[in-house]
Each structure stands twice: as C-alpha cells, then as structure tokens.
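K.L.:
Kindly generate the corresponding structure for this input.
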Amino acid sequence: MSTAELGARPARLRAPLPRPAAPEVEPRPSRRIRRVERPSVAGSAVLITVVAVLLAGIVALNVAALGLQVRLDELARQQSDLRAENAALASELSSGSATPQIEALARKRLGLVRAEAGATTFVPLPATAK
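P.N.:
Below is the predicted model of the structure:
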C-alpha cells in the first residue's frame, strides 16, 4: 500500500534549519620547537672551579682560626704560670726566706755588716703621760 492509496498526504520535505554561526577561532601560531639552552661544558667547569676555590678558602680560614685558638690557649697557660710564679716570688719576698739575699746585697753594694748579737744596745725612753 502506498500513501496515495490510503488517502494520506504525501510527506513534505523540510528545509534544513540554519546552523548557528561558528565562533571565530583565532588561528593557532605554528608550533615551534624551542631548544632548551643547556650550559656548556666549559661553563660547568668554571662553576665547579669557583665553588672549589670558595670551599678551599673556607677550609683555609678554619685552619687559621684553629691555629690562633691553639696559640691563644698556649698564651693563657703561660700567663697563668707567670702569675703563679709572681705570687711565689711575692710570698718569698715577704717572708724571711729573702733575708739572706737582702743581707748579701747590702754587704756587696752598700758595704754594710750585720751587727753582732752582743753589740746591740737599747735606749730607754722616758715614760709618756697619758
């Protein structure tokens, strides 16, 4: 059976709907392959040399500081020894152990002689009123 026999109307063809305007697309820039610039071998060698020199300088400064610290400790020990020796000499001078040396210097330089024990006389002093 056909549509004409059925008395139906023939189907109409519809016109296609208009398409919406496509958005304007900016053209993509052509893809360029960028080469990543790597440092040259010479540049790396220079950098390594500079770092090595800086580290050597730091080590040299630490060695110098250690040497100065050792010298400072030695001088501090020497200072404490000298102070102890000065204290011993001051003690010897104030005590009677220095008397024979003083007598020897008095005889040699000034020509003085020690008085004999019996030759000492005491002069009585008049009583003072209180």
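K.L.:
Point out the other helices and strands that the helix or strand N86 falls within packs with.
P.N.:
If you go by DSSP states H and E, N86 is part of helix 41-94. Here helix 41-94 touches no other helix or strand, going by 3 or more CB pairs under 8 Å, 6 or more residues apart in numbering; DSSP states H and E. No exception for glycine: its C-beta is placed from N, CA and C like everyone else's.
K.L.:
Now the element after it, going C-ward?
P.N.:
Assigned by DSSP H and E, the successor of helix 41-94 is helix 99-105.
K.L.:
who touches that next one?
P.N.:
R114 (CB atoms under 8 Å, 6 or more residues apart in numbering).
K.L.:
Any idea how far that helix is from the middle of the chain?
P.N.:
The chain centroid and the centroid of helix 99-105 are separated by 56 Å under CA atoms, centre = their mean, to the nearest Å.
K.L.:
Now it: average pLDDT?
P.N.:
Per-residue pLDDT over helix 99-105 has a mean of 83.
K.L.:
same deal with stretch 123-130?
P.N.:
pLDDT averaged over stretch 123-130 gives 78.
K.L.:
What is the burial count for E103?
P.N.:
13 (other CB atoms under 10 Å).
K.L.:
And L112, by the same measure?
P.N.:
For L112, using other CB under 10 Å, the count is 11.
K.L.:
Give me the nearest residue to it, chain neighbours excluded.
P.N.:
Nearest in space to L112, with sequence neighbours left out and distances taken as CB to CB, 6 or more residues apart in numbering, is A106 at 4.4 Å.
K.L.:
any weak-confidence spans in this protein?
P.N.:
1-11, 39, 96-98, 129-130 (pLDDT under 70).
K.L.:
next one: stretch 76-85 to chain centre, how far?
P.N.:
Counting by CA atoms, centre = their mean, stretch 76-85 is centred 30 Å from the centre of its parent chain.
K.L.:
got the buried residues for it?
P.N.:
With burial defined by 16 or more other CB atoms under 10 Å, not one residue of stretch 76-85 is counted as buried.
K.L.:
Equivalent analysis for stretch 61-72, please.
P.N.:
Across stretch 61-72, burial judged by 16+ other CB under 10 Å covers no residue at all.
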